[in-house]
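Chemist: okay, sequence plus prediction incoming.
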Amino acid sequence: DSGVTQTPKHLITATGQRVTLRCSPRSGDLSVYWYQQSLDQGLQFLIQYYNGEERAKGNILERFSAQQFPDLHSELNLSSLELGDSALYFCASSVDGGADTQYFGPGTRLTVL
Amino acid sequence: GQQVMQIPQYQHVQEGEDFTTYCNSSTTLSNIQWYKQRPGGHPVFLIQLVKSGEVKKQKRLTFQFGEAKKNSSLHITATQTTDVGTYFCAGGSNYKLTFGKGTLLTVNP
């Protein structure tokens, strides 16, 4: 158990819909990262937050947005969902948001029908 | 931007054979980390290397960091079925960690 929690574990929805994925980092970690992993794909970095502020942006679509709240939990919002958005979404956290070790949550499996 | 390339993408071995995955960075790294993702699981941190030429061992796993701090390797001796999964390297540079695409290892019993 990494100490990072993600909810929900599974999510099935339809095209065009909007969903919110939630992540709680390890106690003491200030930085949160979001990754997308499609079948047979590596980890696609989406976005990083540090202590409530956006720190780095990766290949995140305009239909996706995220935020980190004062209690340091984070939410990833996916809207106007398409079939191709079906994937595993991982949240990871680290202490200081630099090149330090990242601890991954169990992931949310999103299926768009 | 920084790129971390990992090869091979896939590797299938017979149980008992050795396995090596390689990681190369376009820039000099401050550190290199290795993660393992079991099938159906999430990436789990294995180890971090920070010194030029550093070699670390974990049982049958040997991790090396190149002299120029731009490449790294993970070698597994005498693979077992429990070694199956995807191995990711992640290079640290400019206060940022960049993941390679991973090597998927399958082991035939």
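Modeler: Alright, I've got the coordinates.
Chemist: right, and chain A sits closest to which residue of chain B?
Modeler: Per CB to the nearest CB, residue B:92 is where chain B lies closest to chain A, at 2.7 Å. Glycine gets a C-beta too; all of them are placed from N, C-alpha and C.
Chemist: how close does that residue sit to residue A:47?
Modeler: Here the criterion is CB to CB, to the nearest Å. By it, residue B:92 lies 19 Å from residue A:47.
Chemist: residues contacting residue B:3?
Modeler: Contacts of residue B:3 were listed using CB atoms under 8 Å, 6 or more residues apart in numbering or on different chains, and they are B:25-26, B:98.
Chemist: narrow those residues to those that are buried.
Modeler: Among the contacts of residue B:3, the ones that count as buried by 16 or more other CB atoms under 10 Å in any protein chain shown are B:25, B:98.
Chemist: re earlier: what is the neighbour count of the residue of chain B closest to chain A?
Modeler: Residues near residue B:92, counting by other CB atoms under 10 Å in any protein chain shown, number 22.
Chemist: kindly report the same for residue B:100.
Modeler: 27.
Chemist: pLDDT score for residue A:84?
Modeler: Residue A:84 carries a pLDDT value of 94.
Chemist: do the same with residue A:110
Modeler: Residue A:110 is assigned 98 on the pLDDT scale.
Chemist: that one contacts residue A:83, correct?
Modeler: No. With contact defined as CB atoms under 8 Å, residue A:110 and residue A:83 do not form a contacting pair (11.0 Å).
Chemist: who has more neighbours, these two?
Modeler: Shown here are residue A:110 and residue A:83; by other CB under 10 Å, residue A:110 has more neighbours (20 against 10).
Chemist: please give the element, helix or strand, for the closest residue to the more buried one other than its chain neighbours.
Modeler: Using CB to CB, 6 or more residues apart in numbering or on different chains and skipping residues adjacent in sequence, the residue nearest residue A:110 is residue A:11, 4.9 Å away. Element membership for residue A:11, per DSSP states H and E: strand A:10-13.
Chemist: swap in residue B:74?
Modeler: Here residue B:74 is assigned to strand B:71-76, by DSSP H and E.
Chemist: that strand: how far from the chain's middle?
Modeler: 5 Å (CA atoms, centre = their mean, to the nearest Å).
Chemist: just the buried positions in the strand holding residue A:11, please.
Modeler: Neighbour count says strand A:10-13 has A:11, A:13 buried, by 16+ other CB under 10 Å.
Chemist: next one: stretch A:60-68
Modeler: A:60, A:64, A:66, A:68.
Chemist: correct me, but the last one touches residue A:52?
Modeler: Yes. With contact taken as CB under 8 Å, residue A:68 and residue A:52 are classed as touching, separated by 5.1 Å.
Chemist: alright, I will stop here.
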